[in-house]
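Q: what follows is a predicted protein model with its sequence.
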Amino acid sequence: MSHLTQILEQFNFREYDYDAHKDEPIEWRLVVKEGRQRWIPFPQSILKQFNAPQSLIDIHLLNKPSNFELPNTYVNDIPLNLDVSHSGSTNSNSNNNNSSSSSSNSNSSDDDSTVNNDTTSPLDYVFNKTNNYQSNLSESMVNERLLKAIDFYGSVQTDDGHWAGDYGGPMFLLPGIVIVMYICGEKLPRPFRYEMIRYIQSKQNKDGGYGLHIEGHSTIFGTVLNYVALRLLGVSSSHQFMKQTLEFLSKEPANGTLGCPQWAKLYLCVLGLMHWDCIDPIPPELWLLPDWFPYIQPGKWWCHCRVVYLPMAYLYGLGKVYDRAESDTLIQELRNELYMNVSGIEYSKQPWSKFRSYVNPRDNYHPFTQLYASMIHVFVAYEKYFKIGYFRKRALDTCIDHIKYEDSVTNHICIGPVNKVLNMLSVYFHEGSQTEHFQAHLDRVYDYLWLSDDGMKYQGYNGSQLWDTAFATQAIAEYYKRFKTSNGSINIQPLLDRPSHLQTLLKAYNFINFTQVKEDVPNRMAYYRQQSKGGWPFSTKDHGWPISDCTAEGIKSVLSIHDLFGLKEEDSNHQRRPCLVVDLLTPISSKWTQNPLSGLIHGGGDEGGEKEDEQYLLLDEERLTYAVRVILSMFNEGTNGGWATYELSRTHSWIEIINPAALYGEIMIDYPHTECTSACITALLQFKKFYPNSPYIPLIDDSIKHAISVIESKQTPEGGWYGGWAVCFCYGTWFAITALNAIDPVNNVYSKNEIVRKGLDFIVSKQQEQDGGWGESYLSCVTHKYSQSETSRVINTAWALLSLMTGDYPNLKVIEMGIYFLLRKQLPNGDFPQESISGVFNHNCMITYTNYRNIFPIWALSMYMRKYHPVVVKEQ
């Protein structure tokens with residue numbers, strides 16, 4: 001148990017009266033236990049009493065901008081003696097100084113790149129396979145910088161073995177919890193309110209509005225909800241920035257506020273700021289449909305869509321409103337501000353039903369179809385004329401049963417932030433705030449709140465703990481695969497010579513080990529759940545929803561550690577259990593002056609104990625086989641097959657024509673993705689390599705054979721692959737090339753495979769001339785066309801380099817230009833700058849992954865060293 005966790009046992013921050021002690025300074029600390037992350041505001045006197053200074057992790061997370069573009073300078077530059085520009089043009093209007101080559105310095109601007117004086121065209125220069133280019137990128141320099149990056153990243157690893165980070169970005173999440181807490185009569189502690197206000201205010205656009213996400217154009221959805229949240233948090237409407245928000249709304253059609261989409265309308269309805277006639281009906285009777293009912297039966301929807309519309313249907317069917325809305329002065333003021341001040345029409349005279357299905361064009365990413373409009377007409381008629389009380393009650397009972405089930409099997413975390421707050425509100429309306437169930441919900445609210453330099457946000461999950469840790473483990477392990485013996489096995493001695501790196505990897509292994517889901521959820525078929533046992537979730541074990549690619553990356557990270565230690569099938573099978581991870585290192589531990597294993601934090605084992613000295617068992621074939629079974633159970637056959645996210649695709653994609661959200665694309669079913677399919681292919685191949693005698697090998701082979709054709713079919717005419725979960729073609733193409741090469745490392749390379757060649761040519765065509773890196777805008781995700789960012793980004797560059805190196809791109813110069821870019825962007829302490837937002841979901845909403853800026857540059861640099869600078873020692 002960590003020091004801060006012990007303090008929390010004696011200091012209840014939820015009951016502490018911060019208002020009465022507002023003159024006492026507080027300091028924020030990140031408290032972590034078994035993946036659970038909570039930012040706690042401690043009074044300084046408490047911290048002094050327990051001697052709990054700010055940790056390096058706190059400093060790193062609070063002082064690193066979460067969405068920041070460095071000026072056009074390179075910090076900690078290295079001399080450029082490499083021909084780095086694609087362009088040989090001597091056009092006098094160019095931003096580059098093409099007259100001569102020069103070395104960069106720390107104050108140089110974007111034109112600090114040494115430019116080639118050759119007048120050959122960019123394409124000729126890039127694709128000239130006969131170019132006898134000799135690398136002068138110093139091996140020692142790259143190695144030094146890479147080790148520094150690993151050192152830094154290891155220093156900000158949490159005690160339990162994962163890496164904490166910002167998973168914010170969407171601007172509609174924080175208002176949801178603020179509104180629900182207000183309705184439930186629960187007051188957030190003062191420090192939280194202050195940081196929330198600071199966050200929302202910092203994200204206001206120049207026009208006075210707020211976007212769907214932190215980099216997006218202003219929307220009615222984001223603007224209305226964030227204005228309401230600020231008022232509920234105590235901000236006066238008299239502030240100039242609040243007036244600017246209302247001014248923005250007043251210029252929009254449909255009385256401004258009435259143009260918000262369905263999700264916003266639901267929040268406004270339950271708060272008493274909109275009439276229920278203004279929202280498209282969400283009949284809870286849909287949850288009474290039998291399982292065999294086609295298409296619109298909720299069990300066939302994508303789980304995120306299903307569990308969000310579950311409490312929405314309950315709340316709509318219940319029709320309740322905040323019980324003090326008519327007497328609450330603030331609600332009355334908000335009615336006046338959002339309607340009278342914006343449109344000149346009083347709240348009571350608004351034409352609610354006229355704007356029921358209207359969505360402002362700013363928000364309308366997925367316009368409603370005629371079939372959807374017809375369906376809504378039927379639902380409206382049902383609500384008005386045909387609704388039967390008996391069936392409504394049965395439907396509401398069914399919905400609240402499903403809601404409570406979702407709460408219980410996720411330890412009240414819920415699958416995501418939207419259904420979390422709506423489930424919590426549903427439970428409040430159903431049984432009040434004093435029940436154990438509601439209080440458990442309240443306790444888990446803080447798992448979603450994340451503090452950063454820009455204030456406090458509500459994250460898109462309870463974190464990305466497992467996901468980031470699995471990637472980080474593979475990235476660091478990649479470096480140590482550089483060291484080989486003459487017989488081809490990995491030489492582990494360099495890792496043993498760096499105890500801090502060994503400890504980093506073992507702590508990560510332990511976290512991944514602990515986080516694997518050990519049991520299926522009870523009665524899962526009745527609640528539309530798939531197999532869980534053996535899978536890995538995106539965040540924590542307590543969350544528990546297994547995902548295909550998270551399970552795949554869990555397998556790969558575990559086997560990457562086994563590979564480093566030279567474990568084979570016979571070393572980790574049933575006959576060797578129980579085997580402790582640290583037992584593997586006992587024979588050589590005497591060589592260390594300081595034991596790198598000391599201080600490892602170990603949680604409970606398979607039996608659920610919490611002994612501090614309990615070591616994790618090695619993940620053996622049995623547990624990895626359960627993971628493989630989860631992956632195989634999610635495989636979709638057919639021309640549009642492959643792997644989706646949480647579940648099988650349970651109905652046809654045409655159901656998207658009744659997508660009710662307007663804000664997002666592809667929400668109705670669980671669609672297969674290039675990334676998920678690639679991750680599963682590569683994980684299954686690694687499992688097959690370690691366990692060639694597994695009875696699941698035939699199923700693995702059949703699945704892979706079909707899945708690889710799916711990946712090939714998803715290649716765009718331009719050559720890239722669309723990435724559904726990050727920005728965008730750089731990301732998707734890396735996954736696709738990785739899977740293709742893993743299938744056949746000899747033949748699926750640039751020189752021998754047309755699909756790989758086309759993909760890598762696409763990537764190279766996007767390399768930025770001025771700095772040698774790659775930069776892709778989030779607009780690629782929205783438009784499905786590659787959108788170049790103004791400057792290169794470290795994350796996009798790393799993904800591009802990983803694609804090129806994996807596919808054996810022949811022109812080393814192109815790769816080394818990208819390597820140079822990463823080294824020049826690296827900060828003096830080994831960190832990398834946080835730049836633009838890098839994650840996405842449902843095509844239109846962006847999300848932050850702050851750990852990516854460390855993980856993927858480390859991975860790209862590690863692959864470069866392994867591939868082009870291997871170290872081989874002779875066997876003794």
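A: The structure has been received and is ready for your questions. No experiment lies behind these values; they were computed from the predicted model shown.

Q: need the contact list for residue 542.
A: The contact partners of residue 542, taken as CB atoms under 8 Å, 6 or more residues apart in numbering, are 34-36, 410-411, 413. Using the backbone N, CA and C atoms, a C-beta is placed for each residue, glycine as well.

Q: and of those, the nearest to residue 179?
A: residue 413 (19.5 Å; CB to CB).

Q: check contacts around that closest one.
A: Counted by CB under 8 Å, 6+ apart, residue 413 has contacts 420, 444, 447, 462, 540, 542-543.

Q: of all the residues you listed, which two lie farthest apart?
A: Greatest spatial distance in these: 420 and 540, 13.8 Å, computed using CB to CB.

Q: these two: who's more crowded?
A: Using other CB atoms under 10 Å, the more surrounded residue of residue 420 and residue 540 is residue 420, with 31 against 24.

Q: please name every helix or strand in contact with the helix or strand hosting that one.
A: According to DSSP states H and E, residue 420 maps onto helix 417-431. Contact here means 3 or more CB pairs under 8 Å, 6 or more residues apart in numbering; DSSP states H and E; on that basis helix 417-431 packs against helix 173-183, helix 262-271, helix 303-318, helix 389-409, helix 436-444.

Q: just checking, what packs against the second one?
A: Read it as helix 262-271. Helix 262-271 sits against helix 173-183, helix 220-232, helix 303-318, helix 417-431, with contacts defined as 3+ CB pairs under 8 Å, 6+ apart.

Q: quick one: it to helix 303-318, angle?
A: 30 degrees (axes from the mean of the first three to the mean of the last three CA atoms, to 10 degrees).

Q: pull helix 262-271 out as PDB, backbone CA atoms only.
A: What follows is helix 262-271 as a C-alpha-only set of coordinates in PDB (Å, rounded to 0.1, in the frame of the first residue of the first chain):
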ATOM      1  CA  GLN A 262     -30.500  14.600 -28.400                       C
ATOM      2  CA  TRP A 263     -27.800  13.900 -25.800                       C
ATOM      3  CA  ALA A 264     -27.800  17.500 -24.700                       C
ATOM      4  CA  LYS A 265     -31.600  17.700 -24.700                       C
ATOM      5  CA  LEU A 266     -31.800  14.800 -22.300                       C
ATOM      6  CA  TYR A 267     -29.600  16.600 -19.700                       C
ATOM      7  CA  LEU A 268     -31.600  19.800 -20.100                       C
ATOM      8  CA  CYS A 269     -34.900  17.900 -19.700                       C
ATOM      9  CA  VAL A 270     -34.000  16.200 -16.500                       C
ATOM     10  CA  LEU A 271     -32.600  19.500 -15.100                       C
END
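
Q: how far does that helix sit from its chain's centre?
A: 26 Å (CA atoms, centre = their mean, to the nearest Å).

Q: buried ones in it?
A: By neighbour count on 16 or more other CB atoms under 10 Å, the buried set for helix 262-271 is 262-271.

Q: using TSV, please lay out the contacts of residue 413 together with distance to residue 14 and secondary structure.
A: As requested, the contacts of residue 413 are exported to TSV (distance: CB to CB, whole Å; DSSP: H, G, I helix; E, B strand; the rest coil):
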residue	distance to residue 14	secondary structure
420	17	helix
444	12	helix
447	13	helix
462	17	coil
540	20	coil
542	19	coil
543	21	coil
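
Q: who wins for most neighbours among the contacts of residue 542?
A: Neighbour counts for these peak at residue 413, which has 28 neighbours (criterion: other CB under 10 Å).

Q: after the lowest-mean-pLDDT helix or strand in the chain, heading C-terminal, what element do we hit next?
A: Using mean pLDDT, DSSP states H and E, helix 122-127 stands out as the lowest-scoring helix or strand of the chain, at a mean of 31. Note on helix 122-127: by DSSP H and E, the next helix or strand toward the C-terminus is helix 139-155.

Q: ranges for the helices of the stretch 701-850 of the chain?
A: For the stretch 701-850 of the chain, the helices defined by DSSP state H, counting those that start in this stretch cover 729-743, 754-765, 779-783, 794-806, 812-825.

Q: what distance do you get for residue 536 to residue 359?
A: Residue 536 is 37 Å from residue 359, where distance means CB to CB, to the nearest Å.

Q: beta partners for the nearest residue to residue 216 once chain neighbours are set aside?
A: In space, and not counting its chain neighbours, residue 216 is closest to residue 846: 7.0 Å by CB to CB, 6 or more residues apart in numbering. On the basis of DSSP bridges, residue 846 is bridged to residue 840.

Q: give me the mean pLDDT for stretch 395-403.
A: The average pLDDT within stretch 395-403 is 98.

Q: now do stretch 776-794
A: Across stretch 776-794, pLDDT averages out at 97.

Q: just the terminal-to-terminal distance for it.
A: For stretch 776-794, the first-to-last residue distance is 10 Å (CA to CA, to the nearest Å).

Q: and the gap between residue 409 and residue 254?
A: In terms of CB to CB, residue 409 sits 41 Å off from residue 254.

Q: picking up where we left off before, which one of the contacts of residue 413 is nearest to residue 490?
A: residue 540 (30.9 Å).

Q: nearest residue to that closest one other than its sequence neighbours?
A: Distances taken as CB to CB, 6+ apart put residue 35 closest to residue 540, at 3.6 Å, once the chain neighbours are dropped.
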